[in-house]
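In: Structure here, sequence nowhere to be found:
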């Protein structure tokens, strides 16, 4: 074994692991190879004067793939089981996008998988995809990903950003972050690497990821070009194809930063804070020309459609502070994103829309409404939003406050923020804190929306708490390890776990 | 020096300390002895092509008293400076409550202090107090507390709960928690001690607290009585007087748990979770009688009026899970609290109303509306609320999500929740995490309400961030120490703090 494979394997095995009192159960679909894994948490009985009364096990959605499977053997050099490989093979060379299939009334195995996973009917999933109100990010070249969907009438999803930088982190560390992210509940992971070995890092992540992987291709294109002004359509296009072939499931593309928008950001307190937005603004200003991402958007869509890559329309002009929230730069770009949504849909490409960032609470519901209206209910995917700028070090919290609210009002996926936001790069423990925080926020949104069954886990845990079933309270929680550790700090004796 | 004094002093000195780049400034009032301390944070200049451009210092509200004062000398055995002593002495034996003064059109030194502290007019503060929409918890026997007010048109306030238990913690630890709490921004502190030396612990806290102290007198009454059913009006009354003489500024009294309400909680998932509520429900059920707190409420008010103690009407039937939120037990008690509010006001007693607890997001605004209506806009004081029950270990976050929203909708004070909620007792570091989390939530509420000047700190910090003035970003933040530490973990070199 080569030293890299060895190092990766050691990290992966250390990061993975099943949850306590949990095992896997499978829901069988219409094909033998369509089996949906859920995690079942076993509870202890309630002691009553008439003897013990059983408590039913609770089934929860599980994003962890092999990393929470007690029976999995990990070999990252080989990659994880390609669950979708036979479905992709069956479609052969005529494969089209999930959007095309849905519009044609075809229920794909992916749609059936998602329906079982979420407890919905396959027709409902198909109709939401056909309408553009849900997406299934699933590149034909990423058969390892377990199908999932992002949409306002589905469970609210959570994304984790990972990735190396010129200052830090190698492949073992990035795979460790991926495993932490999915084990704790990330529904998708974005690889934002800008450091060394970008291509190779991404390959390791894709072959070992049970969730869809997103990227921002302009980052790698810039590594190749050197300076923003030296970027060309050809470099960008080749980067898209390179990443598409590797299996990336969704691309953030900042095609909404038009030349005419750049001036709108000049009066801002914090200018342009999106890295992709800033690159494209520089390119437009230098060349005094319209963005090639905007001009070539139809060609981009043709590439994406071939692989069934979802486009995540980036908000390059998102506000970088509550002071700049909901300003004309942000809203002008949003209207362009609506126009691009229709262009992508016309080519069978699935679309999600990225959103801010920083919004005071009183503007959150209105931001959701504006996005729905401008982008015809294409799923909204927001970064937080942070609701006050005064708490660096606690921005997982200031942003979870906004994320829970915007999720309640209809946002389909929440991009997590870690405690290191604005300060440095997250390590594996920050990934865990960020994800668990966002799982709580997303779940609170599901509960507030009245999503079917959302409160089951709350009620099971509350009942365990009320009956002093401490072990069950730990096991049912989002982070059993931390709950137990905090308890044991002040009340370490086993007797305190029973009464 | 006795060993206890020595131990307390060492803890206190270790916990206290000024913030970086900060010094005290004083606003002079109409009397020589009326000087309001604020914290001024100095910023570095912005480097421009035309040379450095100065950035103005930022003044922030400071709850820390001597504990953030670089020049203070601490001697807990003597207590801190009794800032209100001369004002109390001037009033002599005719002193009445702040509510009485306000109704009579008298602007007290406390009101003037609060007006300067919050940047409002003294008449506005007086009128809000007269209307019952704001309270000034300030026992004549607690001259050490710096005046502050709680009301829906003032800055949103934060309370920290501390206190020992039969299992842990001595006087040095409790004073350490108090100092952590006020240094990080607690506006009031509740001492919920149920362990040994309750009276003595409270004495140390009061003599060293620059913020109002609240208690739940039924806890100490129960220690004296032994069992809930053995509680009597006499034991309770004597406990009230004992604590009143020590200087407690507000009392939580669960007078809304009427005998007839107890049955309403029977069908609940999590029954009665308030300790005070549970004690009174047991008393009523055992004696098959109306609560003596309800029956004797006018006598209670007469005691409180003598000291100008604010009554915090406890929500003994608050829900213990999102499943039980907004149920008939909770709402029946709320209506009783409205009736008690009018009875207290009739006797010149200031009133705040305690609220849940656990509420899904979609019920938060409605809970605020119901409280305002039932209790005639008496200030609402909520515990969180937690918006999902699935994240023990992260309940400072699940509750900050609810707290920020209910604060935005009009709640006047937010009782913090620490990461240890539901699991164990908080230590000093948990107090810090809980308070900073809640300061962020309260501030986000001020920003969303459009409270005058609320965004100044956000904007100053955002500008520093945009200009890569790292030191200023740390210094302007709620927790400069943590922000700096997180930054230095990945980018430790000083050069990374400049560009």
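Out: Arrived safely. Everything numeric in this text was worked out from a predicted model, so none of it was measured.
In: Number of residues surrounding residue A:263?
Out: For residue A:263, the neighbour count with other C-beta atoms under 10 Å in any protein chain shown is 11. For the C-beta atoms, the positions are set from N, CA and C on the backbone; glycine is no exception.
In: Of all residues in chain A, which one is nearest the centre?
Out: residue A:159 (2.4 Å; C-alpha atoms, centre = their mean).
In: pLDDT score for that one?
Out: Looking at residue A:159, its pLDDT reads 98.
In: List the neighbouring strands of the helix or strand that it is a member of plus their orientation.
Out: For residue A:159, the element it lies in under DSSP states H and E is strand A:157-162. Using DSSP bridges, strand A:157-162 pairs in its sheet with strand A:188-191 (parallel), strand A:413-415 (parallel).
In: picking that back up, how near is the residue nearest to the centre of chain A to residue B:36?
Out: 46 Å (C-beta to C-beta, to the nearest Å).
In: Then residue A:59?
Out: 58 Å.
In: Which one's more surrounded, these two?
Out: residue B:36 (21 against 16).
In: hey, where'd the helices end up in the stretch 51-200 of chain A?
Out: Along the stretch 51-200 of chain A, counting by DSSP state H, counting those that start in this stretch, helices occupy A:85-91, A:98-103, A:109-118, A:122-130, A:171-184, A:198-207.
In: Deepest-packed of those, please.
Out: helix A:171-184 (a mean of 25; mean count of other C-beta atoms under 10 Å in any protein chain shown).
In: sorry, back to before: is it possible to export the strands paired with strand A:157-162 to a markdown table including mean neighbour count, mean pLDDT and distance to residue B:415?
Out: Shown next, in a markdown table, are the strands paired with strand A:157-162 (neighbours: other C-beta atoms under 10 Å in any protein chain shown; pLDDT from 0 to 100; distance: least, C-beta to C-beta, whole Å):
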| stretch | mean neighbour count | mean pLDDT | distance to residue B:415 |
| --- | --- | --- | --- |
| strand A:188-191 | 25 | 98 | 36 |
| strand A:413-415 | 27 | 98 | 27 |
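In: Switch these over to TSV; also include distance to residue B:21.
Out: Below are the strands paired with strand A:157-162 laid out as TSV (distance: least, C-beta to C-beta, whole Å):
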stretch	distance to residue B:21
strand A:188-191	36
strand A:413-415	33
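In: Could you dump the helices of the stretch 51-200 of chain A into CSV and include distance to chain B and mean pLDDT?
Out: Formatted as CSV, those follow (distance: least, C-beta to the nearest C-beta, whole Å; pLDDT from 0 to 100):
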stretch, distance to chain B, mean pLDDT
helix A:85-91, 33, 96
helix A:98-103, 30, 98
helix A:109-118, 17, 98
helix A:122-130, 22, 98
helix A:171-184, 11, 95
helix A:198-207, 18, 96
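In: Now for residue A:319: which residues touch it?
Out: With contact set as C-beta atoms under 8 Å, 6 or more residues apart in numbering or on different chains, residue A:319 has these partners: A:268, A:270, A:273, A:325, A:326, A:327, A:330, A:356, A:357, A:358, A:359.
In: again, only this time at 6 Å
Out: When contacts are counted by C-beta atoms under 6 Å, 6 or more residues apart in numbering or on different chains, residue A:319 touches A:325, A:330, A:356, A:357, A:358.
In: These: which two are farthest apart?
Out: A:330 and A:358 (10.2 Å; C-beta to C-beta).
In: doesn't residue A:471 fall inside a strand?
Out: No: read with DSSP: H, G, I helix; E, B strand; the rest coil, residue A:471 is helix and lies in no strand.
In: list the contacts for residue A:316?
Out: Counting by C-beta under 6 Å, 6+ apart, the residues that residue A:316 touches are A:254, A:257, A:274, A:276, A:277, A:280.
In: Setting aside sequence neighbours, what's the nearest residue to it?
Out: residue A:277 (2.3 Å; C-beta to C-beta, 6 or more residues apart in numbering or on different chains).
In: ok, that neighbour touching residue A:256?
Out: No: the pair residue A:277 / residue A:256 is not scored as a contact, 8.7 Å apart, by C-beta atoms under 6 Å.
In: For residue A:262, give its distance to chain B.
Out: Distance, residue A:262 to chain B, by C-beta to the nearest C-beta, to the nearest Å: 17 Å.
In: ok, now residue A:310?
Out: With C-beta to the nearest C-beta as the criterion, residue A:310 and chain B are 28 Å apart.
In: For the residue nearest to the centre of chain A, which residues are in contact?
Out: So residue A:159 contacts A:188, A:413, A:415 (C-beta under 6 Å, 6+ apart).
In: any chance of the residues you listed in a markdown table, with distance to residue B:288 too?
Out: As requested, those are exported to a markdown table (distance: C-beta to C-beta, whole Å):
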| residue | distance to residue B:288 |
| --- | --- |
| A:188 | 59 |
| A:413 | 55 |
| A:415 | 57 |
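In: Nearest to chain B among those?
Out: residue A:415 (16.7 Å; C-beta to the nearest C-beta).
In: Mind listing the residues bridging to residue A:150?
Out: Under the criterion used (DSSP bridges), residue A:150 bridges to residue A:135.
In: For residue A:47, grab the count of nearby residues.
Out: Using other C-beta under 10 Å, residue A:47 has 14 other residues around it.
In: right, I mislabeled it, should have said residue A:46
Out: So residue A:46, with other C-beta under 10 Å, has 17 neighbours.
In: and the gap between it and chain B?
Out: 13 Å.
In: I figured that residue hits residue A:56, correct?
Out: No: with contact defined as C-beta under 6 Å, residue A:46 does not reach residue A:56; the gap is 11.4 Å.
In: who's in contact with the residue nearest to residue A:105 when sequence neighbours are not counted?
Out: Closest residue to residue A:105 apart from its sequence neighbours, by C-beta to C-beta, 6+ apart: residue A:126 at 7.5 Å. Each residue near residue A:126 by C-beta under 6 Å, 6+ apart is listed here: A:102, A:107, A:111.
In: Columns distance to residue B:42 on top of these, output as TSV?
Out: Formatted as TSV, the contacts of residue A:126 follow (distance: C-beta to C-beta, whole Å):
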residue	distance to residue B:42
A:102	59
A:107	64
A:111	60
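In: quick one: average pLDDT of whichever helix in chain A runs longest?
Out: For chain A, the longest helix by residue count, based on DSSP state H, is helix A:428-449. For helix A:428-449, mean pLDDT rounds to 97.
In: and the helix or strand following it, which residues are buried?
Out: Going down the chain from helix A:428-449, the next helix or strand is helix A:456-466, by DSSP H and E. Using 16 or more other C-beta atoms under 10 Å in any protein chain shown as the test for burial, helix A:456-466 gives A:457, A:458, A:459, A:460, A:461, A:462, A:463, A:464, A:465, A:466.
In: Excluding sequence neighbours, find me the nearest residue to the first one.
Out: Okay, so that is residue A:457. In this structure, residue A:457 finds its nearest non-sequential neighbour in residue B:390, 5.0 Å apart by C-beta to C-beta, 6+ apart.
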